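Colleague: Here is a sequence with its predicted model. Questions after.
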Amino acid sequence: MDSEQKLISKKALLERYNISYGSLYRWKRKGLIPDEWFLRKATVTGQETYFPEELICERMELILSAKDDVLLDELAARLSGESQTEPSMTVETAYGSHTLRLSEIRTVRMTDQNGVQTDITKHIINLLRGGTQV
């Protein structure tokens with residue numbers, strides 16, 4: 001970071017964009033905001049977090065303008081430069097949808113009405129790779 005770069009405090013950022021502390025840190029966990037942009041500085045009251053103002057404000061505007069049209073995971077992948085051609089699956093529930101890329105899938109289990117679980121991971125991965133057998 002350029003030592004001459006103007007900084008904005010976390011508090012001022014949250015107020016400017018009317019977002020919650022939870023949203024900010026969820027976006028950080030998802031990779032939408034790089035960890036290195038969270039600059040911790042000692043103050044008379046303890047420690048506060050600051051951000052490079054130009055970078056974070058540009059990113060906030062991008063996230064806020066796109067979050068209703070694009071899944072946050074997809075936006076994070078775009079921002080990180082990952083290929084969007086990797087096979088993926090989208091799970092839609094009453095609570096929203098979540099897209100998983102093939103490289104993120106570890107285990108997929110199906111539970112029947114008796115509580116018996118069946119591992120269907122190989123079947124899902126085969127389908128994502130272009131196979132047709134279930």
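Modeller: It's in. Residues are numbered from 1 along each chain as shown.

Colleague: contact partners of stretch 38-52?
Modeller: Outside stretch 38-52, the residues that touch it by C-beta atoms under 8 Å, 6 or more residues apart in numbering are 1, 2, 5, 6, 7, 8, 9, 10, 11, 13, 28, 37. Any C-beta I mention is one placed from the backbone N, CA and C, and that applies to glycine too.

Colleague: hmm, 6 Å instead?
Modeller: Where contact means C-beta atoms under 6 Å, 6 or more residues apart in numbering, the residues beyond stretch 38-52 that reach it are 1, 5, 7, 8, 9, 10, 37.

Colleague: can you pull the buried residues of whichever strand or helix holds residue 22?
Modeller: According to DSSP states H and E, residue 22 maps onto helix 21-29. Within helix 21-29, the residues scored as buried using 16 or more other C-beta atoms under 10 Å are 24, 27.

Colleague: What of stretch 45-59?
Modeller: For stretch 45-59, burial by neighbour count (16+ other C-beta under 10 Å) applies to 50, 51, 52, 53, 56, 59.

Colleague: And for stretch 64-81?
Modeller: Buried residues in stretch 64-81, counted by 16+ other C-beta under 10 Å: 66, 71, 72, 73, 74, 75, 76, 77, 79.

Colleague: And stretch 99-117, by the same measure?
Modeller: 100, 101, 108.

Colleague: do stretch 25-44 as well
Modeller: Buried residues in stretch 25-44, counted by 16+ other C-beta under 10 Å: 27, 30, 31, 32, 33.

Colleague: Out of the buried residues of stretch 64-81, which is nearest to residue 20?
Modeller: Ranked by distance to residue 20 (C-beta to C-beta), the buried residues of stretch 64-81 are led by residue 72 at 14.6 Å.
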